[in-house]
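Student: Okay, predicted coordinates and the sequence, questions at the end:
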Amino acid sequence: MDRESKPYVLRRPAEGTVPAKLSLDYAKELNPQQLAAVTAGDGPSLVIAGAGSGKTRTLVYRVAYLIDKGIDPATILLVTFTRKSSQEMLHRAGLLIGARSERVFGGTFHSVANALLRRYGRPIGLEPGFTILDRSDSEDLINLLRAQLGLNEKDKRFPRKGTIAEIFSKCENTLQPLDEIVLGEFAHFSEHLEALDKLKRAYEGAKKQRQLLDYDDLLVKLRALLSQDEGAGRAISSSFRYVLVDEYQDTNRLQADLIRKLAASHDNVMVVGDDSQSIYAFRGATFRNIMEFPTLFPGATIYKLEENYRSTQPILNLANAIIQGAAEKYSKHLFTRKLDGPLPVLVQAAGENAQSRFVAQKILELREEGVPLDEIAVLFRSSFHSFDLEIELSRRDLPFVKRGGFKFVETAHVKDLTAHLRVLANPLDAVSWNRVLMLVEGVGPKKAQDLIASFVKAERPDLSPGQCAIEVLRDVSGRSGRGLKDLARVLEEAGRAGAMTPAEQVNELYAYYLPILKDQYDDYPKRMRDLEHLYTMAERYARLEEFLSDMALEPPDSSVLDVDAGARDDERLILSTIHSAKGLEWQCVFVLWVVDGRFPSAYSFATEDELEEERRLFYVAVTRAKQHLYLTYPINEYDKATGMILSKPTRFLDSVSPSLLETWALVEEGGVREWGPREWD
């Protein structure tokens, strides 16, 4: 007999009424500050993780704790900046909590967006089978559209495809219009603004028509989906009950907005980062995201991780003092149980070469004391700051690997200018002649080889080989004739015997090469700085041959690493830009060019935001050191670009107590003074 069933609702117990039995003793494994963050309740949380404070450990234990508490792992979203970071964290969580961690949805911003768009993207016109363009594909499509629009035929050179892709990408990631990006960061292309806008619209149209998404579109389209389709937005946000974000200080405006929208239905979001290590504005990241998190998520709880497991207290005292001067920050005080250690040292050098000699000599001393080379790093703000040191290290047979930027001799523009110097010193150098000639408009590989062959045929007993080559260049007619005559003129002027010093020769050739540099490279303003530094280096030499000999750190067809690899173990000194050193640590760290005008860069003096980022960069450099820290600054250095004489230590040390630093002045052997303490002005 059919009977109507009366429903009886089984209610879930209120969260917390039946405490889950935890499988780990979190209080034993974590310090009190880490424990508070790991066991945080629902709602938005900001974890300010000081340098070396166990940020990754805290995130790993947070994942384990949520799963341990009974949260379905599939409803936890872990967003990181690299796939490797995500995999490592989830692997470590698995070691703590078991295979359940494998069900956590972990990945980069872009991989998460890709997965969500393929599942939910139809409301905004995306089919699951859309194609993702890599950067090369994007540039090729831009190039095709540029040609179709006739933008290659403009009187003045239009930006190259890679530069255009960079401009478009910055617009998306910073949520800024095209005109602001071009006028603010690519002002030398401002006359093409209207054409770039037309090209950008064509690019967007072509991608939409063909179901193509570039790398940035993954985030742009996910943001559009979450904003425009209420159903999809609610479904996506509800599917992730807890959102965890690593390195939040490195997010851009677009990424921060995505996190806000992903957590819209519950606000259970925990972001981990350090405002004092926000140093990637050039990539579109913004310091404002981490500072404005409590505004974006009202009622957010702030946790601070301040116990440092990396450095000694004397190094942390200096770091604390440096960041104390920041105009805007979350107050924190790094401390450690490693109370003893040498004071950081501020080293004054008479010039750049004295700085390089000190670093090389001190590294050899440290090595004798048992510090391995791979536990020593030399850090610098800009790649060209290490050029002189690279020559000194090579001279002393100290193997090194450089991270961030190129080695001095590997930069194409430095190779170009150096090739001109080499044909002055040795007119028989066919390799350098080939590079020089190929820079002339209208000269291709065959033409260059024919010209080099004709130099030999034209040899006359009454002329030097160099003069013979110049005469050949003067006689060339046709499309390349004018360029070759200009080359002949500058080589003759710069090559007059005894008329110029190496620095003056560099200056003469730089003036000739500058138009070529601007034509060859869209980022020529940055490269100009390297070539100006080449002039500074040449000033120390009386003869061109000596300068070129010291510049020849390696054979043309092999790198320093290749030369060293066969003769040495893997132990190599690390040279690195500070940006590339973030997240790493060494027993001993040298920071070069800690002189006002280079660090902070004179170019950052214009705005407070740029100056503050330089302070944070300095803080990152200092906090890489475990035991020994040397800050070096040359004095009486003329900066050709700004016309300044650089002599004062970085302004970031102005408010630092002299008791936190030992100060040394370098003197030559046999001089009145030895290295040692002095009064610091």
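Tutor: That came through fine.
Student: Residue nearest the middle of the chain, spatially speaking?
Tutor: H579 (4.4 Å; Cα atoms, centre = their mean).
Student: Which helix or which strand is home to it?
Tutor: Here H579 sits within helix 578-581, counting by DSSP states H and E.
Student: Also K200?
Tutor: Applying DSSP H and E, one finds K200 within helix 193-210.
Student: Show me what counts as buried in that helix.
Tutor: 195-196, 199-200, 202-203, 207 (16 or more other Cβ atoms under 10 Å). Yep, even glycine has a C-beta here, placed from its N, CA and C like the rest.
Student: was I right about P177 contacting I167?
Tutor: No - when contacts are counted by Cβ atoms under 8 Å, P177 is not listed as touching I167 (11.5 Å).
Student: more crowded one of the two?
Tutor: I167 (20 against 11; other Cβ atoms under 10 Å).
Student: So what's the predicted local confidence for the more buried one?
Tutor: Looking at I167, its pLDDT stands at 92.
Student: One more: L646?
Tutor: Residue-level confidence at L646 comes out at 81, pLDDT.
Student: Same question for L343.
Tutor: L343 is assigned a pLDDT of 96 by the prediction.
Student: Specify the local secondary structure of it.
Tutor: For L343, the assignment made with DSSP: H, G, I helix; E, B strand; the rest coil gives coil.
Student: From F158, how far off is it?
Tutor: Distance check for L343 against F158: by Cβ to Cβ, to the nearest Å, it reads 55 Å.
Student: Can you pull the phi/psi pair for I302?
Tutor: Dihedral pair for I302: phi -110, psi 130, per degrees, to the nearest 10.
Student: Run a quick neighbour tally on the nearest residue to it once chain neighbours are set aside.
Tutor: Closest residue to I302 apart from its sequence neighbours, by Cβ to Cβ, 6 or more residues apart in numbering: L46 at 4.9 Å. Residues contacting L46 under the criterion other Cβ under 10 Å number 24.
Student: cool, and F109?
Tutor: Counted with other Cβ under 10 Å, F109 comes out at 20.
Student: Isn't it up against D257?
Tutor: No - taking contacts as Cβ under 8 Å, F109 lies outside contact range of D257: 11.3 Å.
Student: The helix holding K200 packs against which elements?
Tutor: Here helix 193-210 is seen to pack against helix 135-148, helix 161-174, helix 178-185 when contacts are counted using 3 or more Cβ pairs under 8 Å, 6 or more residues apart in numbering; DSSP states H and E.
Student: buried residues in the shortest one?
Tutor: In other words, helix 178-185. Those would be 178, 181-182, for helix 178-185 by 16+ other Cβ under 10 Å.
Student: List just the nearest of the residues you listed to S659.
Tutor: The nearest member of the buried residues of helix 178-185 to S659, counting by Cβ to Cβ, is I181 at 45.8 Å.
Student: Is it correct that the closest one is in contact with I167?
Tutor: Yes - look at I181 against I167 with Cβ under 8 Å: they come within range, at 5.8 Å.
Student: A187: neighbour count?
Tutor: Neighbours of A187 (other Cβ under 10 Å): 10.
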